[in-house]
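1. Structure of the sequence below:
(one chain, ligands or ions: 1)
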Amino acid sequence: MALYGADNGRGELRIHDSIDELSTDLADYIAELSDASVKDRGVFTIALSGGSLIGLMGRLCEAPYKKTVDWGKWHIFWADERVVAKSHAESNYKLAKDGLLSKVPIIPNHIHSINDSASAEQAAEDYEFIVRQLVRTRVINVSQINDCPKFDLIILGMGPDGHVASLFPNHSALNKNDEWVTFITDSPKPPPERITFTMPVLNSASNVAVVVTGIGKSEAVHLAIDNVGPNCPLLPARMVRPSNGKLVWFLDKSAASELDNFSQFSQS
Ligand SMILES: O=C1O[C@H](COP(=O)(O)O)[C@@H](O)[C@H](O)[C@H]1O
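-> Just a heads-up that it's a prediction; the model follows:
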């Protein structure tokens, strides 16, 4: 792995030779954050995304993590969800349940999933209510800067268009600053109805990891991380900059291949 602390303030870059190496590093990183949070506060609050990410987190279900992680202290949330039934193939909940949550001993009522029998607008409202309750009872920390929930870890994927969670380029949801959870009904990527954490919530987390693999996302990685000048399209992934937290990018070599300094990484 090549490790590079980006000097342009866009986070630490961890560039991996293979998916296998990335998955192990990601599992180590999550297990370390979980240990630290459990030691510090007695709980670990983690918000997941959907897509290819869950497969890349699969190592967590294997030795040694399956036994050494304190799963009973985890509280699971979703940074975004599609407004479909929990049994639907497009559900981020189903993906996580099948690929991770059913394989480790997480306490069922620590799995804070989204109401799948409501409209997008109502589901967003309900989810914000759940998050507010858990902030009030101090399961979730609160940001001293803006009173937003401060998750111990928000783990994001990124689409080839640079979207994170369900915050898409040029969409009005990107500018929602007064809500913690919002909804969209016109997602450019199906399914159209989704709910999502807003950018202030992403940027209030103690830790944000963005996990990206594959050549098809290399252009978006470049636009999200490099100094690309004023005419660059404002990608949601580029707007992820935790105000009082740490950002780490987990990339494979293909996703990293269009970074300006990629040749330096590949020699290290
Ligand atoms: O629609 C979504 O897409 C992104 C990226 O997914 P990927 O399959 O290209 O990795 C995902 O992070 C998000 O949670 C999901 O709803």
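2. For burial, what's the neighbour tally of Leu33?
-> Under the neighbour criterion other CB atoms under 10 Å, Leu33 is assigned a count of 20. C-beta coordinates here come from the backbone N, C-alpha and C atoms, glycine included.
3. Then Lys189?
-> Residue crowding around Lys189 was assessed by other CB under 10 Å; the count is 14.
4. and if you look at Gly229?
-> 6.
5. Next one: it relative to Lys253, how far apart?
-> The span separating Gly229 from Lys253 equals 25 Å under the rule CB to CB, to the nearest Å.
6. residues in the stretch 1-150 of the chain within reach of the ligand, list them.
-> Counting by CB under 6 Å from any ligand atom, the residues of the stretch 1-150 of the chain lying close to the ligand are 49-53, 80, 92.
7. Mind telling me the two of the residues you listed farthest from one another?
-> Considering CB to CB, no two members of these lie farther apart than Ser52 and Asp80, which are separated by 14.1 Å.
8. In terms of packing, which of these two has more residues around it?
-> Between Ser52 and Asp80, counted using other CB under 10 Å, Asp80 has the larger neighbour count: 25 against 18.
9. Double-check that one against Phe197; I have them as touching.
-> Yes: at 6.8 Å, Asp80 and Phe197 qualify as touching, with contact defined as CB atoms under 8 Å.
10. list residues touching both of the two?
-> Here Asp80 and Phe197 have Ala165 as joint contacts, going by CB atoms under 8 Å, 6 or more residues apart in numbering.
11. which other residues reach stretch 214-222?
-> Outside stretch 214-222, the residues that reach it (CB under 8 Å, 6+ apart) are 52, 158-162, 212, 228, 235, 237, 249, 251-252, 254-260.
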